[in-house]
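In: Predicted model and sequence below, questions to follow.
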Number of protein chains: 2
Amino acid sequence: MPGVESDPPAVDAEGRRRPRLADVAARVGVSPASASLALSNSPGPSARMRERVLAAAAELGYRPDRTASTLARRRTRLLGVLLDVRNSYHAELAADLHEAAEQVGYDVVLSTITAARDEERAVETLVDSRCAALVLLGPSTPDAALRALGGQVPVVVVGRRVDASVDVVRSNDRAGVGQVVDHLADLGHRDIAFLDGGRGTIAADRRAGYRAAMRKRGLADSIRVVAGDPTEIAGSAAAQTLLTESQPPTAVVAFNDRAALGLLDGLVRAGTSVPEHMSVVGYDDSPAAQLPHVDLTTVSQDARGQAEHAVAMAIERLDGGRTASSQVVLPPRLVVRGSTAGPRPNVSRPTTRTSRRRAPTTRGEP
Amino acid sequence: MPGVESDPPAVDAEGRRRPRLADVAARVGVSPASASLALSNSPGPSARMRERVLAAAAELGYRPDRTASTLARRRTRLLGVLLDVRNSYHAELAADLHEAAEQVGYDVVLSTITAARDEERAVETLVDSRCAALVLLGPSTPDAALRALGGQVPVVVVGRRVDASVDVVRSNDRAGVGQVVDHLADLGHRDIAFLDGGRGTIAADRRAGYRAAMRKRGLADSIRVVAGDPTEIAGSAAAQTLLTESQPPTAVVAFNDRAALGLLDGLVRAGTSVPEHMSVVGYDDSPAAQLPHVDLTTVSQDARGQAEHAVAMAIERLDGGRTASSQVVLPPRLVVRGSTAGPRPNVSRPTTRTSRRRAPTTRGEP
DNA sequence: GTACTGACTTGAAGCGCTTCAAGGATGTCT
DNA sequence: AGACATCCTTGAAGCGCTTCAAGTCAGTAC
C-alpha cells in the first residue's frame, strides 16, 4: 500500500510529535530565540524567563535535536573514538573516555575496527559524523596519514609515539619495562627473558626498554627476546618454547598482559609453578591481571589518567584555542602482585600457585 | 586576542574549507539539487550528469555532511547500540553489528555503560543523537521502560527475553543448556552441577534449562546449583567450594564462559585435571574459549547471526514499514572441545591438561 | 519633559542538504 | 505544425536550532 507510510511530522507510537524548541517557546509565550538562549544558559534572558522556559521544557519532555543544533552551531560537542572494541584495554579506555568527556559536556561516539572495517574506514565514519575531535587508541595508521588527518580535525593519539603534529598521550613504556626489570633484578633474577609483542611502535619501545634496563643492570649477557605477538596464543606458545630450552629463564617479562596470561596458562599446565619456578610479569594492568586467581604482577598505564588527558587535550584545542601540538607522557606504575618472587626461593612450598591466591578475608591491598 | 579565533567558514589547517555540495555543483555547472540527486543515486539525473558530478565530487574530495543530510532527510541512517564495552561478548556483538549495519548502508554509534553512566543515561545519548533505531545488548532496563522506549523509536533487544512490544533476538538458552546436559549425560556423567549466573532473566533461563534437562535424563536427584555470578571470580570461588565437598560432581555446567574460565583455572591450580577428573562446560563460545590452550566445550550463541538478525529487524521497521513486534529465537549450538570427556575414563593418562592441547599441525576442526 | 542608558527580546538569516512541484527541452504522434 | 508525452533540471521551501543585529521599554540623568 504505497503512500501509507509517509510520516511528515515524525510522530511517536502514541501519535505525539517530539516537542521542538518552538513548542517550548510557544508554551511560555516567547520567541524561539529567547527559548534557545534560556536553555543554553547564555547571557540575555531574565531570570524569570529562563525559569519559565526551563519549566516548560521539562513539562514537555523537550530534548534538543542534536543534529539541528550541530548544524546551526557549526560545531559538534562530539568526540570520536577509534578503537578495537575486542581489545579489553581499549574497552577500558573507552569507558574512561566516555566519563571524562561527559564531565566537560562532550559526547562520545565509538567506532571500532573489525575484520572487514579497517582503521581508515572507521575514522572516515567519525569524520563524517562531524566529530569535533578524534581520539585514536593505538592507531596503526602511518604518521603521514595521521598528520594529514590532524590537519582536518584535532587528533589525539593514545598509547603510541607519533612523529606528527598531532597530540599524543602515552605512558613511558621504556621506563615501565625498566621498572619491571629492576624489580626482577632486585629479587635476584639474572636470567630474565622478554616475550616480544611483534612489530609496531609500542613493542619496539618496550623491547628497547628491556634491553636498556638489562644492560644497565649488568645483565647484557642474559638478554633474550622471545618472538611473539600481543595475544594469549603467543604467550602459550612461548611457554612451550621456553620450557624446552636447556636453560629456561627464571623470569619472563611479557609484552602485555594478554601474552603474560597465555604464558602463565601454558606454564601452569605444563607443571611449572609460578612464581616458584618462574616469575612472570605483564603490562597494562588489565582487568584480567587483577583477578585474584591470576594475580599478575604488571605495569599500570593509568587508563583513567590517559583518558582524562586525552579529553583535556582535545578540549584545549577546541575551546581553548591551542594550536601547537602537545604531548603527555605519563609515568608507568609497577604493580607488584603474586606472579613474581625471587628465583626458586624455597622449593619445599606447594608447587601449585594456589598458595598465592589471596584468601577472601584478606583483601584490601593498599 | 579576542576576535581572532572566529572561523566563519570552518577551514582546515591548510586554510581550505571542506567542500560542500554547492562546490561540487558549481564545478560541474549544475544546480545543487541535481548534484544531490546524482550523488544519492536517485532517479532523475541523466547518466552523463551523474558521471560528471561523481567525478567532481571525487576530485574535490567531497564528503556529504551527515548532520545536514540527517536534518534535511528527517531520518538518520544511524543505529544506536547500547552495550557494556567491557563485556567481551558485547564487544564481539558490537563488531558484528557494525559490519551487518554497514552492509545495509547504516552507520553505528556505540554507547557504553560505565560505573558513572547507567543504562538510562547511555540510552538517552543514543536517542538524542536521533538514532533511527536502537539495539540494546542484554539490557537490564525493566520491561515497562523498554516498552515506553519502544514507543519512541524502534528497539531491538538482544539476548534477553522481554515482555514488551519491542523486537527481540536471542538464542534459546534453555535448549542450549539442555544440549550441554545431554552431551555430558551421553558421556556417562550423572553427577552434573550447575554454576549459577546470579539474578537476571538470562541466568534464570539457563538454570531452568539445566533443571529440566536433568529431570528429563532421570538425574533429578543429582541436581545441584552452585551460587555464582557471571565472572571469573565466581568460577574460581566455585572451584574451591566444589573441591572441598565430600562428593564433588564429575561435571560442571557454568553459566557462561567467564565463570567457566575461572572454574577451570581454579581447578587446574588445585591439581584437578580437566577433563580427566572433571568436565567443564561454558556458554557463549567467547574468543577466550576458543584459545587452543583453553579449548573449552561451550555453547555458541552465534553472535554473527544475532547481529545480522538484529540489524535486519531494525531495517524492517525503518524501511519495511513493519509495525508488529517480532521475536527471533536462534538455536544454540553445542561446541564440543577438549574440556569434556567421560567421567574418569582412564586415570593412567598424564594428569595435566597439556594432553588436550591441539598440536599446531592438527588444526582445522569441522 | 527630553535624551539617553541598559536590560531584555526577537525577527530574520542562515547551517548544508533533500525534496518536489514546476519549468524546459526534446521527441512523437496525428 | 500543433498537441502531448517524456526526460531532465532546478528554484524554492524547508529540517530544528543558533546567533546577532535591531528593536522595545522601563528607568535615569539632566
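Out: Received the coordinates, thanks.

In: What's opposite A:Val328 in the beta bridge?
Out: A:Val169 (DSSP bridges).

In: Correct me if wrong: it contacts A:Val168.
Out: Yes. Here A:Val328 reaches A:Val168: they are 7.1 Å apart, a contact under Cβ atoms under 8 Å. C-betas here are computed from N, CA, C, even on glycine.

In: more neighbours, those two?
Out: For A:Val328 versus A:Val168, neighbours defined as other Cβ atoms under 10 Å in any protein chain shown are more numerous around A:Val168 (24 against 18).

In: ok, and the closest non-adjacent residue to that one?
Out: A:Gln327 (4.5 Å; Cβ to Cβ, 6 or more residues apart in numbering or on different chains).

In: And A:Ala234, by the same measure?
Out: Counting by Cβ to Cβ, 6+ apart, the residue nearest A:Ala234 is A:Gly228, at 3.9 Å.

In: OK, contacts around the residue nearest to A:Val168?
Out: Each residue near A:Gln327 by Cβ atoms under 8 Å, 6 or more residues apart in numbering or on different chains is listed here: A:167-170.

In: Most neighbours among those residues, which one?
Out: Most neighbours among these, by other Cβ under 10 Å: A:Asp167, with 27 neighbours.

In: Could you check how far that one is from A:Gln103?
Out: When distance is defined by Cβ to Cβ, to the nearest Å, A:Asp167 is 19 Å away from A:Gln103.

In: so what's A:Ile202 scoring on pLDDT?
Out: Listed pLDDT for A:Ile202 reads 89.

In: brain fart, A:Ala115
Out: Reported pLDDT for A:Ala115: 81.

In: Tell me which residues touch it, please.
Out: Counted by Cβ under 8 Å, 6+ apart, A:Ala115 has contacts B:95, B:99.

In: Could I get the phi/psi values of it?
Out: Backbone torsions of A:Ala115, given as degrees, to the nearest 10, read phi -60, psi -40.

In: residue ranges of the strands in the stretch 151-300 of chain A, please?
Out: A:155-158, A:167-171, A:192-195, A:224-226, A:251-254, A:279-281, A:298-300 (DSSP state E, counting those that start in this stretch).

In: who touches the worst-scoring helix or strand of chain A on mean pLDDT?
Out: Lowest by mean pLDDT, DSSP states H and E among the helices and strands of chain A is helix A:287-290, with a mean of 81. The contact list for helix A:287-290 (Cβ under 8 Å, 6+ apart) reads A:88, A:92, A:257-258, A:260-261, A:282, A:294-296, A:298, A:335, A:337, B:86, B:232.

In: Which element, helix or strand, includes A:Pro45?
Out: For A:Pro45, there is no host helix or strand (DSSP states H and E).

In: rewinding a little: please identify which pair of the contacts of A:Gln327 lies farthest apart.
Out: Taking Cβ to Cβ as the measure, the contacts of A:Gln327 span a maximum distance of 10.6 Å, between A:Asp167 and A:Arg170.

In: sorry, back to before: which of the contacts of helix A:287-290 are buried?
Out: In those, burial by neighbour count holds for A:88, A:92, A:257-258, A:260-261, A:282, A:294-296, A:298, A:335, A:337, B:86, B:232, counting by 16 or more other Cβ atoms under 10 Å in any protein chain shown.

In: which residues does the residue nearest to A:Ala220 when sequence neighbours are not counted contact?
Out: Nearest residue to A:Ala220 in three dimensions, chain neighbours excluded: A:Met214, at 6.0 Å (Cβ to Cβ, 6+ apart). For A:Met214, the contacting residues are A:181, A:192, A:220, A:222-223, by Cβ under 8 Å, 6+ apart.

In: Equivalent analysis for A:Pro331, please.
Out: So A:Pro331 contacts A:171-172, A:175 (Cβ under 8 Å, 6+ apart).

In: can you do 10 Å?
Out: Going by Cβ atoms under 10 Å, 6 or more residues apart in numbering or on different chains, A:Pro331 touches A:171-172, A:175-176, A:179, A:300-302, A:305.

In: helix or strand for A:Val108, which one?
Out: For A:Val108, the host element (DSSP H and E) is strand A:107-112.

In: close to DNA strand C, is the following helix or strand past that strand?
Out: For strand A:107-112, the following helix or strand on the C-terminal side (DSSP H and E) is helix A:119-128. No. Helix A:119-128 lies out of reach of DNA strand C by Cβ under 7 Å from any atom of the strand, never closer than 10.3 Å.

In: Check which helices and strands helix A:119-128 is in contact with.
Out: Helix A:119-128 makes packing contacts with strand A:78-83, strand A:107-112, strand A:133-137, helix A:143-152, helix B:66-73, helix B:88-103, strand B:107-112 when contacts are defined by 3 or more Cβ pairs under 10 Å, 6 or more residues apart in numbering or on different chains; DSSP states H and E.

In: other SSEs contacting the first one?
Out: Packing contacts for strand A:78-83, counted by 3+ Cβ pairs under 10 Å, 6+ apart, involve helix A:88-103, strand A:107-112, helix A:119-128, strand A:133-137, strand A:155-158, helix A:303-320, strand B:107-112.

In: Understood, closing this out.
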